[in-house]
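> would you be able to build a 3D model of this:
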Amino acid sequence: MKFLKILLALALMAAIPFSSDAQVYNQWPAQQSSFVTAVAPATPAAASVKSSAGVITSITCFNLLATPVYIKLFNTASVTLGTTSATLQFMCPGNTAGAGFVANYHWALSFSTAIEYAVTGGISLTDDSSITASSVIVNIGYN
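As a prediction, the model looks like this:
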């Protein structure tokens, strides 16, 4: 009987993870992000978040227009709006009283070349439609 108790104790100890076995998730990159913030111009223009490879940890968008706008993200250092297709796109809902979204990415969005973005009025991945000036705020957290 004593042998079974010892065997059971050893089996239970083997099932307990030691600190070297423990896995810790979501520690990076959310802790040390840099940020860019902008009021989107009326004429869409690609803006650089990071000129080299990196990750996006958060995106916020606030829109005072009655119609939605579209945040387009590009995995390239050179964007020609109307020609370059967006890698990712987010719709920022419209409402004259204010609308928007906040998205935090604990498993960051990875960009292998560079991070560029633009805010346009159309849903097409290559859209370059104008929006009303001083109506959309964009904040992007990155590493």
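
> so which elements touch the strand ranked longest in the chain?
If you go by DSSP state E, the chain has its longest strand at strand 99-111. In terms of contacts (3 or more Cβ pairs under 8 Å, 6 or more residues apart in numbering; DSSP states H and E), strand 99-111 is packed against strand 54-63, strand 88-92. All C-beta spots, glycine's among them, are computed from the backbone N, C-alpha and C.

> what are the boundaries of the strands in the chain?
Going by DSSP E, the chain shows strands at 34-39, 47-50, 54-63, 69-74, 88-92, 99-111, 115-120, 136-142.

> I'd like these as TSV, with mean neighbour count, mean pLDDT and distance to S129 appended.
Shown next, in TSV, are the strands of the chain (neighbours: other Cβ atoms under 10 Å; pLDDT from 0 to 100; distance: least, Cβ to Cβ, whole Å):
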stretch	mean neighbour count	mean pLDDT	distance to S129
strand 34-39	13	92	17
strand 47-50	18	94	17
strand 54-63	21	95	14
strand 69-74	24	97	9
strand 88-92	17	96	13
strand 99-111	15	90	19
strand 115-120	24	96	5
strand 136-142	21	95	13
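
> only alpha carbons, please: show stretch 134-143 as CSV.
Listed next in CSV are the C-alpha coordinates belonging to stretch 134-143 (Å, rounded to 0.1, in the frame of the first residue of the first chain):
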residue,chain,number,x,y,z
SER,A,134,-10.9,66.4,-40.3
SER,A,135,-13.6,63.7,-39.8
VAL,A,136,-11.6,60.5,-39.1
ILE,A,137,-9.0,59.8,-36.4
VAL,A,138,-6.8,56.8,-36.7
ASN,A,139,-4.4,55.4,-34.0
ILE,A,140,-2.1,52.4,-34.8
GLY,A,141,0.1,50.6,-32.2
TYR,A,142,3.1,48.9,-33.6
ASN,A,143,6.5,47.3,-32.9
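
> who touches that stretch?
Applying Cβ atoms under 8 Å, 6 or more residues apart in numbering, the contact partners of stretch 134-143 are 28-29, 32-40, 49-50, 54-65, 69, 71, 92, 100, 104, 108, 115, 117, 119.
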